[in-house]
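Undergrad: with the input below, show me the fold.
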Amino acid sequence: MTVKPEGTAVTYDSDSQGVTTRITNVTYATGYIVTYEEQRDGLYDVVSKRRAKKLAFSARQTVENVAANVYNRAFNASYLGADGVVMCSAAHPTLSGNQSNLLTTAAELSEASLEDLVIQTMDATDSRGNKISVKPVSLHIPTAKVFDANRIVNSTLQGHTANNAINAIKFLGIFPKGIKPNQYFTSTTAFFIRTNVEGMVFQWRERPDLSQDSDGDTMNAKAKIIARFACRHFDHRSVFGTAGV
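TA: Numbers count the residues shown, from 1 in each chain. The predicted model follows:
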């Protein structure tokens, strides 16, 4: 707000529209067949239950992979956000100039690099360049970093030093929602910090639905599962990251 001297009018601000993010739901489907011969040979219960279980597993893996791809494509120029740059970029255009949610110097996961990214997160500003209360919430890592991450975040004392120094990350409770290893990350070096800013979307249009049918010509029994959903980011302040080295 601006200072209002006594007896003067209030200063009125204006609102303006930024970039528009559109999220298109995608349809995913697959199924299995129990042949006429399998049915007539009394195998329907056996093969149908087995295939239904695999079908459900396939649906779950699809959801996990699609959601993880938002991170897997964070540095891929073929997948741009509404602001025209990748999800983790040093050049997100705003009213106050370019802003970054990319670690200034690419580095492996370490105490120093994680602290640098935390500081960068806390120093984030809004589109006008005003300081805002952005806070780290969780650390998202590939499985290759699960042990290093836990030593860095959860050790009582600072690692790799003879000094009797506290682990500042643990002492300050930097990640209240903890460490989130993701088996579906394709990079073994990239890591991300999710923040309290709302800007990552997973939306269901239609949750997975199993249906059954039969083929009149072949007399085969069919079962299929279909779902519609989408994942995307719309605010770069919701996630900070690095591709590692």
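Undergrad: look through the protein and tell me its longest strand.
TA: strand 200-214 (DSSP state E).
Undergrad: how about that strand as CSV, C-alpha atoms only?
TA: Extracted C-alpha coordinates of strand 200-214, given in CSV (Å, rounded to 0.1, in the frame of the first residue of the first chain):
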residue,chain,number,x,y,z
MET,A,200,1.0,-27.3,-9.7
VAL,A,201,-2.2,-29.0,-11.0
PHE,A,202,-3.3,-32.6,-11.1
GLN,A,203,-7.0,-32.7,-12.2
TRP,A,204,-9.3,-35.6,-12.8
ARG,A,205,-11.9,-35.2,-15.5
GLU,A,206,-12.9,-38.8,-15.2
ARG,A,207,-11.5,-41.2,-12.6
PRO,A,208,-10.5,-44.7,-13.8
ASP,A,209,-13.6,-46.7,-14.7
LEU,A,210,-13.8,-50.4,-15.5
SER,A,211,-16.4,-51.6,-17.9
GLN,A,212,-17.1,-55.0,-19.6
ASP,A,213,-18.6,-56.0,-22.9
SER,A,214,-18.7,-58.8,-25.4
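Undergrad: helices or strands next to that strand in the packing?
TA: helix 44-72, strand 221-233 (3 or more Cβ pairs under 8 Å, 6 or more residues apart in numbering; DSSP states H and E). All C-beta spots, glycine's among them, are computed from the backbone N, C-alpha and C.
Undergrad: who touches it?
TA: Applying Cβ atoms under 8 Å, 6 or more residues apart in numbering, the contact partners of strand 200-214 are 23, 25, 52, 55-56, 59, 67, 70, 194, 220-234, 238-239.
Undergrad: isn't residue 107 up against residue 241?
TA: No: counting by Cβ atoms under 8 Å, residue 107 does not reach residue 241; the two are 11.7 Å apart.
Undergrad: these two touch, right, residue 179 and residue 142?
TA: No: in this structure residue 179 lies outside contact range of residue 142 using Cβ under 8 Å: 11.5 Å.
Undergrad: the more surrounded of these two?
TA: residue 142 (23 against 17; other Cβ atoms under 10 Å).
Undergrad: export the host helix or strand of residue 117 to PDB, keeping only CA atoms.
TA: In the assignment (DSSP states H and E), residue 117 maps to helix 111-122. Taking Å, rounded to 0.1, in the frame of the first residue of the first chain, the C-alpha atoms of helix 111-122 are listed here in PDB:
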ATOM      1  CA  GLU A 111      24.100 -29.400   1.700                       C
ATOM      2  CA  ALA A 112      25.500 -26.200   0.000                       C
ATOM      3  CA  SER A 113      23.500 -26.600  -3.200                       C
ATOM      4  CA  LEU A 114      20.300 -27.300  -1.200                       C
ATOM      5  CA  GLU A 115      20.800 -24.300   1.000                       C
ATOM      6  CA  ASP A 116      21.400 -22.100  -2.000                       C
ATOM      7  CA  LEU A 117      18.100 -23.300  -3.600                       C
ATOM      8  CA  VAL A 118      16.200 -22.800  -0.300                       C
ATOM      9  CA  ILE A 119      17.500 -19.200  -0.100                       C
ATOM     10  CA  GLN A 120      16.500 -18.600  -3.700                       C
ATOM     11  CA  THR A 121      13.100 -19.900  -2.900                       C
ATOM     12  CA  MET A 122      12.700 -17.600   0.100                       C
END
